[in-house]
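# sequence-free structure coming up:
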């Protein structure tokens, strides 16, 4: 969706999606944030039907799309940072991050969004701001 595409370019919108995904804010609160994002960017707001309450499949698709894009964006940034540090194998990256080579491989594949704690640890190891993983 259009909102998911923009969510990873704006840290505040990303945070709203993350809170919504973890059921910490309502659908209405998320839609308010999305509309606010588009209005501040002078872009057309979403035209989808607003009430997602009785549409669990639509909600799951949005969650899956957002999660997939977050994982891909994270993996892209991790690959860039690993390359800059000369961490060219899963074993070297795993050792640097303090995880197994298999876990390093999974992180690089970008199939799953890492937990916040994992993101924080990786950002600290590379000495980069956490936000570098939240925007592409």
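That came through fine. The shown structure was predicted, so the numbers you read here are calculated from the model rather than taken from an experiment.

# going forward, measure contacts between C-alpha atoms and count neighbours the same way
OK.

# residue contacts, residue 109?
Neighbouring residues of residue 109 by Cα atoms under 8 Å, 6 or more residues apart in numbering: 72, 75.

# the protein: helices as residue ranges?
Listed in chain order, the helices of the chain (DSSP state H) span 2-7, 11-21, 27-40, 56-84, 90-97, 101-109, 116-126.

# possible to save those helices as CSV with distance to residue 132 and mean pLDDT?
CSV is the format used below for the helices of the chain (distance: least, Cα to Cα, whole Å; pLDDT from 0 to 100):
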stretch, distance to residue 132, mean pLDDT
helix 2-7, 14, 54
helix 11-21, 10, 72
helix 27-40, 20, 72
helix 56-84, 7, 83
helix 90-97, 17, 95
helix 101-109, 16, 93
helix 116-126, 8, 90
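
# and these as JSON lines, adding distance to residue 133?
Output for these, formatted as JSON lines (distance: least, Cα to Cα, whole Å):
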{"stretch": "helix 2-7", "distance to residue 133": "13"}
{"stretch": "helix 11-21", "distance to residue 133": "10"}
{"stretch": "helix 27-40", "distance to residue 133": "20"}
{"stretch": "helix 56-84", "distance to residue 133": "5"}
{"stretch": "helix 90-97", "distance to residue 133": "15"}
{"stretch": "helix 101-109", "distance to residue 133": "12"}
{"stretch": "helix 116-126", "distance to residue 133": "8"}
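
# so residue 94 makes contact with residue 101?
Yes: at 4.8 Å, residue 94 counts as touching residue 101 under the criterion of Cα atoms under 8 Å.
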